[in-house]
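Colleague: Got a sequence here, can you model it:
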Amino acid sequence: MKLEVKQLVKNMEKAGAPVNQYVNVGVIEPGGTKRYVREKGDIYDKFSLDQTGKYRMFVKNKNDGAVDVEGSYIVR
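Modeller: The predicted structure is shown next:
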């Protein structure tokens with residue numbers, strides 16, 4: 001998923017993760033810096049989007065097996 005950010009956006013909320021395995025969920029800033037949280041189960045977190053440009057959401061699975069991830073985000 002990509003977010004086109006044309007002005008200062010206060011926060012982004014994201015949700016969704018496997019119930020019993022940890023995953024990294026976060027954003028990649030326009031310059032390539034990754035910011036993320038490492039959690040399991042339902043994840044509700046906020047990231048400040050303080051740069052103009054394209055942001056990307058990501059989920060990284062560092063487990064041995066596959067995980068199913070479902071989520072959404074809100075830009076305010």
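Colleague: and the one residue sitting closest to the centre of the chain, bridged to which residues?
Modeller: With distances taken as Cα atoms, centre = their mean, the chain has Gly26 as the residue nearest its mean C-alpha position (2.8 Å). Gly26 has the following beta-bridge partners by DSSP bridges: Tyr36, Phe58.
Colleague: Who are the contact partners of it?
Modeller: Counting by Cβ atoms under 8 Å, 6 or more residues apart in numbering, Gly26 touches 34-37, 47, 57-58. Every C-beta, even on glycine, is put in place using the N, C-alpha and C of the backbone.
Colleague: Who does Gly53 form a beta bridge with?
Modeller: For Gly53, the beta-bridge partners are Val5 (DSSP bridges).
Colleague: Could you tell me how many residues sit around it?
Modeller: Gly53 sits with 12 neighbouring residues when counted by other Cβ atoms under 10 Å.
Colleague: The one 10 residues further on too?
Modeller: Residues contacting Asn63 under the criterion other Cβ under 10 Å number 12.
Colleague: wait, it sits on Arg38?
Modeller: No - using Cβ atoms under 8 Å, Asn63 is not in contact with Arg38, being 11.5 Å away.
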